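Q: Sequence and predicted model, in that order:
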Amino acid sequence: MKRAFDILVAIASLAVLWPVLLAIGLAVRLDSPGRALHWSRRVGQNNRIFRMPKFRTMRTDTPDVATHLLTEPDRWITPLGRFLRRTSLDELPQLWSVLIGDMSLVGPRPALYNQDDLVALRTQAGVAALRPGVTGWAQINGRDELPIPEKVRLDREYMDRMSLAFDLRILAGTARAAFSGRGVSH
């Protein structure tokens with residue numbers, strides 16, 4: 001049922017939001033040189049690497065590491081990128097990943113391919129068995145502010161409580177967090 005819900009919502013969202021996606025893509029291209037989409041190597045279900053699309057929020061010469069590991073992260077973020085990150089609009093292309101089955105609407109956020117500490121803790125906790133999500137329980141409980149062990153604890157709690165009702169609660173909480181910009185450090 002979770003997969004059917006993901007497909008239905010992804011198709012409906014893409015059908016309604018395609019003008020917004022097109023406008024954001026054009027704005028990204030006008031804001032800074034480079035492609036509108038950044039395809040990030042991420043760790044998916046059962047630690048399989050996949051390519052996840054996001055609207056590009058950083059300069060094209062940015063090192064490929066988690067933002068919090070960059071020296072002076074603010075110097076790498078584009079002017080439009082700050083807004084896209086604060087509102088989570090940069091995540092909208094991930095609806096494609098949901099549609100093709102690499103991601104779910106709700107689940108643990110996919111780690112970067114080089115976040116070995118996060119991948120190891122999720123594997124140990126059994127969370128690697130889950131399909132990663134566009135949003136998750138950890139995202140509405142702190143987002144960028146959470147230390148890795150706390151993210152994994154919340155990911156495991158999600159795994160233990162997983163249900164359609166819980167997913168709907170997380171999606172509602174995500175909408176509130178996105179509109180407020182709460183929990184985004186860069």
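A: Received, thanks.
Q: Distance of Leu14 relative to Ser163?
A: Going from Leu14 to Ser163 by CB to CB, to the nearest Å gives 25 Å. In this view, the C-beta of every residue, glycine as well, is placed from N, C-alpha and C.
Q: List the neighbours of the helix or strand of the chain with the lowest mean pLDDT that are in contact with it.
A: Least confident helix or strand of the chain, by mean pLDDT, DSSP states H and E, is helix 164-180 with a mean of 88. Applying CB atoms under 8 Å, 6 or more residues apart in numbering, the contact partners of helix 164-180 are 1-2, 5, 87-88, 105-106, 135-137, 139-140, 143, 158, 183.
Q: now it, how far from the chain's geometric center?
A: 14 Å (CA atoms, centre = their mean, to the nearest Å).
Q: Then stretch 70-89?
A: With CA atoms, centre = their mean, you get 14 Å for stretch 70-89.
Q: Now the residue most central in space within the chain. Nearest residue, chain neighbours left out?
A: Centroid-nearest residue in the chain: Val134, 4.6 Å away (criterion: CA atoms, centre = their mean). Nearest non-adjacent residue to Val134, counting by CB to CB, 6 or more residues apart in numbering: Gln94, 4.7 Å away.
Q: Same question for Val28.
A: Using CB to CB, 6+ apart, the closest residue to Val28 is Ala36 (4.4 Å).
Q: Report the contact partners of that neighbour.
A: Contacts of Ala36 by CB under 8 Å, 6+ apart are 24-26, 28-29, 55-56.
Q: In terms of secondary structure, what does the longest helix along the chain contact?
A: In the chain, ranked by residue count with DSSP state H as the criterion, the top helix is helix 2-31. Packed against helix 2-31, as judged by 3 or more CB pairs under 8 Å, 6 or more residues apart in numbering; DSSP states H and E, are the following elements: strand 49-55, helix 79-87, helix 94-100, strand 104-106, helix 164-180.
Q: now for the helix or strand following that helix, which elements pack on it?
A: As assigned by DSSP states H and E, the chain's next helix or strand after helix 2-31 is strand 37-43. Strand 37-43 is packed against strand 49-55, strand 111-112, with contacts defined by 3+ CB pairs under 8 Å, 6+ apart.
Q: Name the residues of stretch 82-99 that are buried.
A: 84-86, 88-99 (16 or more other CB atoms under 10 Å).
Q: returning to that earlier point: out of Leu14 and Ser163, which sits in the more crowded spot?
A: The residue with more neighbours, out of Leu14 and Ser163, is Leu14; 16 against 10, by other CB atoms under 10 Å.
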